[in-house]
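>>> What follows is a predicted protein model with its sequence.
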Amino acid sequence: MHIKYQRTSTDQQHGNRFSTDNTKYDKVFFDQGISGTKPFKERTEAKKVVELVNASKVDELTVEELRDIGRNTVDSINTLDWLEKHNVNVVIKSMGISSRVDGEVNQIWNLITSVMSALSSMELENLRIRTKMGRDAYLKAGGKLGRRKGDTESVATFLEKPKTKKIISLLDQGKSVRDIAARLKASPGLVVKVRKHYSNTM
């Protein structure tokens with residue numbers, strides 16, 4: 001079975017970019033509004049992929065980008081190793097590479113995927129560092145963290161808001177607070193708030 005797995009970070013992203021893929025797949029699994037920071041095997045649609053792989057029903061798995069497999073080195077490498085043990089050929093369309101060539105293991109596959117996974121992890125670490133620096137600067141300027149008096153909205157509810165998810169998607173892309181605020185016509189304070197709560201969930 002040849003299947004495809006695709007993902008978007010927010011519910012507002014409908015996966016229009018996937019429409020250019022005219023390849024015929026036996027099944028397509030689409031996790032919409034799932035952060036790449038969530039382990040592959042814990043995602044709703046990805047769990048169905050896991051079931052098929054464990055049942056030895058998958059010969060080839062296609063993803064658009066490596067980050068669809070995982071956003072940190074450990075999760076990505078573990079998932080790729082697991083797929084290899086089940087003899088699944090993994091195709092990453094954006095990179096134009098696959099784990100096997102003519103049925104044989106691609107010799108440069110491990111090198112390329114390890115480097116790309118490490119770079120992805122560095123992006124997340126840089127985001128955490130920038131978030132901490134912004135929080136520290138805010139506190140130094142006299143700002144206070146924590147829920148304001150009378151504010152009953154939970155962090156979980158806040159993170160599920162449509163605008164919050166749009167901000168998270170742009171944060172994942174490494175956009176600055178000022179850039180995101182301008183794009184979404186949101187206040188910088190809101191972007192900082194989202195970044196603070198989002199970083200605490202990582």
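The structure has been received and is ready for your questions. Numbers count the residues shown, from 1 in each chain.
>>> how many neighbours does the nearest residue to Ser169 once chain neighbours are set aside have?
In this structure, Ser169 finds its nearest non-sequential neighbour in Ser9, 4.3 Å apart by CB to CB, 6 or more residues apart in numbering. For every residue, glycine as well, the C-beta is placed using N, CA and C. Neighbours of Ser9 under the rule other CB atoms under 10 Å: 22.
>>> Specify the local secondary structure of Ser9.
coil (DSSP: H, G, I helix; E, B strand; the rest coil).
>>> list the contacts for it?
33-36, 165, 168-169, 172 (CB atoms under 8 Å, 6 or more residues apart in numbering).
>>> Out of those, the closest to Val115 would be?
Nearest to Val115 among the contacts of Ser9, counting by CB to CB, is Gly36 at 17.6 Å.
>>> quick check, the closest one in a helix?
No: going by three-state DSSP, the assignment for Gly36 is coil, not a helix.
>>> What pLDDT is listed against it?
With respect to pLDDT, Gly36 has a value of 73.
>>> any idea how far Arg67 lies from Gly36?
Distance of Arg67 to Gly36, given as CB to CB, to the nearest Å: 5 Å.
>>> just His86 next, same as before
With distances taken as CB to CB, His86 is found 22 Å from Gly36.
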